[in-house]
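Engineer: below is the structure, and that's it, no one-letter string:
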């Protein structure tokens, strides 16, 4: 179920425009408006799950479906030499939108150090 007050739910609904790159029954992927790499795509479940902390037995299939979609998205974006998948969980990890999302980052050699 989508949350009417959530930014990503509004993007999924089409209420806020985005640069969609992929969509199926379970997830929606779009370009990040503040890219941290040449390719920076966000993949979100089509259900309002606040964060990784809220993944439970009854909604974990969304995460599985997202990870099934990620290789197709990466291939379509030309990420032949690899990519990084990240999710932030909570304030200390700088999760700015309280809707579970996965960042696909690529298009250049990534630094080994993550922070």
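Structural biologist: Okay, I see it. Predicted model, so just to flag it, every value in this text is computed and none were measured.

Engineer: residues contacting residue 86?
Structural biologist: Going by Cβ atoms under 8 Å, 6 or more residues apart in numbering, residue 86 touches 102-103, 105. All C-beta spots, glycine's among them, are computed from the backbone N, C-alpha and C.

Engineer: again, only using 6 Å
Structural biologist: residue 103 (Cβ atoms under 6 Å, 6 or more residues apart in numbering).

Engineer: residue ranges with poor pLDDT in this protein?
Structural biologist: 115 (pLDDT under 70).

Engineer: ok, and the closest non-adjacent residue to residue 13?
Structural biologist: Closest residue to residue 13 apart from its sequence neighbours, by Cβ to Cβ, 6 or more residues apart in numbering: residue 2 at 6.4 Å.

Engineer: centre of the chain to the helix or strand residue 64 falls within, how far?
Structural biologist: Here residue 64, judged by DSSP states H and E, is contained in helix 60-76. Centroid separation between helix 60-76 and its chain, computed with Cα atoms, centre = their mean, to the nearest Å, is 10 Å.

Engineer: do the same with stretch 61-78
Structural biologist: Taking Cα atoms, centre = their mean, one finds the center of stretch 61-78 at 10 Å from the center of the full chain.

Engineer: what residues does that stretch touch?
Structural biologist: Contacts of stretch 61-78 (Cβ under 6 Å, 6+ apart): 22, 26-27, 29, 39, 43, 45, 47, 55, 83.
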